[in-house]
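**Student:** let me see the structure of the following:
(2 chains)
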Amino acid sequence: MKRLLLSLLLMIATPVLAEEVVLGLSQDQVAITADFDGSEILLFGAVKRESPILQDPPLEVVIAVSGPSGPLTVRRKERKFGIWINTDAVEIDHAPSFYAVATSAPFNEAMSNVEDQRHSVSIPRAIRSVGAPVGIEDAQSFSEAVIRIRTSEGAYQVLENSVSVDEQTLFRTSIKMPANLTEGDYPTRIFLTRGGKVISNYETVINVNKVGLERWLFDMSRNQPLMYGLMSLAIAIAAGWLASAAFQVLQRR
Amino acid sequence: MQIYLPIAEVSVNAFLLLGLGGMVGILSGMFGVGGGFLMTPLLFFIGIPPAVAVATEANQIVASSFSGVLAHFRRKTVDLRMGTVLLSGGLVGAALGVVVFNYLKSQGQVDLLVRLCYVVFLGVIGSLMFVESLNAIRKSRKNAGPPKRKKHNWIHGLPLKMRFRVSGLYISVIPPLMVGVLVGILSAIMGVGGGFIMVPAMIYLLGMPTKVVVGTSLFQIIFVTGFTTLLHATTNYTVDIALAVLLLVGGVIGAQIGTRLGTYLKAEQLRILLALLVILVCAKLALDLLLEPSELFSIGAAGGH
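**Tutor:** Below you'll find the model as predicted:
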């Protein structure tokens, strides 16, 4: 009875203890220029609260930055008639092109399994596959393969203990975005947790955009594909002629 | 110096691309091949998405072939008449090839077919050329006498004869048309200009002199790949102009160097080198099929073939 009362009291008390995120970003825009070579984004923030700091369990911070998501086909090779060919294929209907999770503690300590499931924070949870076609028993290994391949490319990152938290109030981390970045909105989520439970979350968006020449060429290739194709051919012919003419002049000397 | 490619959406080293373009350009000018069968796998290797690599490669081949063909025009080693006949066959073949390709795509496994096509054709053509040119070299060492007169075979019995002055041939238009169609089909399926099939076909099937073959092959490649570029640009939006420019700057310079290098070499030596190159690429592709890959899984675009 006493315990029940206590927990009831705690439940009522939670809103009073509310802790909120105030976030800053070193940049909320990533401009992809012709010489774009990756980018490092600094995320920093503070915890706003109107009550004394709760000492135990300690405050942890989990930050997830996700790239634009889209469907994928994952294929597996198998040996048939002596050669390696693609046999099974599984459609993954939702996988981000980029995903980074930064935490202030080992992931399992910072966020419980239940909360992870609810908010889809860890990488395996961020990938969704509706179901494999009949005849494929180990569909799990296909989404594992996506994680393995993308992690080795640096597109998926798990950065445990990389968020530093000072005085349970200030936190900061930096996330390195690779050079092979896809354009789009990068939803960024920040979770404050205590004892694995999410007590507050905050969402913002980092914009990744092509600019300048990159923008112009990309738009032209989509909006005026015929002109774009003819332009490519014209450049090719002109370059071919120019090189030929230049070499002829060189040879005459 | 890293550069971000707007359509491929990857960042690559600009000098690496210039170097690759130059290297393939030299081969292109020397042998009259577009170089697509070399460049496309190389682009995959440095991380360019396959669809972009194939489309952009076609655009680059236009540049290096044009640069090469101008040099050949100056030396009068282009048989325009033969080129036109081959080309008209080639365009028909390319259209047929697209139909075949789409049919196979609906059946799945088009990737495998393309690879097998490469291995089989490169292997057969490479080894045939290698043996033939070895024999030729051996013969020319034994007796430097006058060359034998061309043998008459069934090809010379066909109707619709036409005189190809530059090639020194008086044959029916049917065999070149057939060669054109066949190469057109294959190049549509394999996504290359088809020079490495066209060159041996012209030498061995039509009996054209090697010197004329290179320029004539380049001439018809320009049109086939130009057509392919436009198709890719308008339907798949996969031509990356920034990638193409970097490759073709290296490519056109390389092609000029290549055509000049080609004149220093004897026809047999030229052929044996091309044969070795073809065999090498074939061996690499065959090994990829035979050896267990380190990563069994691959990620592709959804709904792709």
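**Student:** which stretches in chain B count as helices?
**Tutor:** For chain B, applying DSSP state H gives helices covering B:14-31, B:36-45, B:50-74, B:80-107, B:110-142, B:174-190, B:195-200, B:210-235, B:241-264, B:267-290.
**Student:** a markdown table please, covering these and showing mean neighbour count.
**Tutor:** Backbone N, C-alpha and C define where each C-beta goes, glycine included. Converted to a markdown table, the helices of chain B look like this (neighbours: other Cβ atoms under 10 Å in any protein chain shown):
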| stretch | mean neighbour count |
| --- | --- |
| helix B:14-31 | 23 |
| helix B:36-45 | 20 |
| helix B:50-74 | 27 |
| helix B:80-107 | 18 |
| helix B:110-142 | 16 |
| helix B:174-190 | 22 |
| helix B:195-200 | 27 |
| helix B:210-235 | 25 |
| helix B:241-264 | 24 |
| helix B:267-290 | 18 |
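**Student:** wait, what's in contact with the one residue in the stretch 151-300 of chain B that gets nearest to chain A?
**Tutor:** As assessed by Cβ to the nearest Cβ, chain A sits closest to residue B:233 within the stretch 151-300 of chain B, at 3.0 Å. Residues in contact with residue B:233, defined by Cβ atoms under 8 Å, 6 or more residues apart in numbering or on different chains, are A:221, A:225-226, A:228-229, A:232, B:55, B:239.
**Student:** at 6 Å what do you get?
**Tutor:** Applying Cβ atoms under 6 Å, 6 or more residues apart in numbering or on different chains to residue B:233 gives the contacts A:225, A:228-229, B:239.
**Student:** go on, residue A:32?
**Tutor:** Per Cβ under 6 Å, 6+ apart, neighbours of residue A:32: A:210, A:214, B:4.
**Student:** and if you look at residue B:261?
**Tutor:** So, once contact is read as Cβ under 6 Å, 6+ apart, residue B:261 ends up touching residue B:30.
**Student:** for the residue of the stretch 51-200 of chain B found nearest chain A, give me the pLDDT.
**Tutor:** Evaluated by Cβ to the nearest Cβ, the stretch 51-200 of chain B has residue B:66 as its residue closest to chain A, separated by 3.2 Å. pLDDT for residue B:66: 87.
**Student:** just the terminal-to-terminal distance for stretch A:181-200.
**Tutor:** 29 Å (Cα to Cα, to the nearest Å).
**Student:** which of the residues in it are buried?
**Tutor:** Using 16 or more other Cβ atoms under 10 Å in any protein chain shown as the test for burial, stretch A:181-200 gives A:181-184, A:186-194, A:196, A:198-200.
**Student:** point to the residue nearest the middle of chain A.
**Tutor:** Residue closest to the mean C-alpha point of chain A, counted by Cα atoms, centre = their mean, is residue A:99 at 2.2 Å.
**Student:** just the contacts of residue A:32 now: which is nearest residue A:153?
**Tutor:** Residue A:153 has its nearest neighbour among those in residue B:4, at 16.0 Å by Cβ to Cβ.
**Student:** still on that earlier bit, give me the subset of the contacts of residue B:233 lying in helices.
**Tutor:** Those of the contacts of residue B:233 lying in helices (DSSP H): A:225, A:228-229.
**Student:** for chain B, tell me which of these show up nearby.
**Tutor:** Among those, proximity to chain B is found for A:225, A:228-229 (Cβ under 6 Å from any Cβ of the partner chain).
**Student:** got any ranges where the stretch 101-250 of chain B has weak pLDDT?
**Tutor:** For the stretch 101-250 of chain B, the stretches flagged by pLDDT under 70 are B:105-111, B:142-159, B:191-193.
**Student:** how about the residues of it by chain A?
**Tutor:** Near chain A, when you scan the stretch 101-250 of chain B using Cβ under 6 Å from any Cβ, you find B:112, B:226, B:229-230, B:233-234, B:237, B:239, B:241, B:244, B:248.
**Student:** same thing but 7 Å
**Tutor:** Counting by Cβ under 7 Å from any Cβ of the partner chain, the stretch 101-250 of chain B comes close to chain A at B:111-112, B:226, B:229-230, B:233-234, B:237, B:239, B:241-242, B:244-245, B:248-249.
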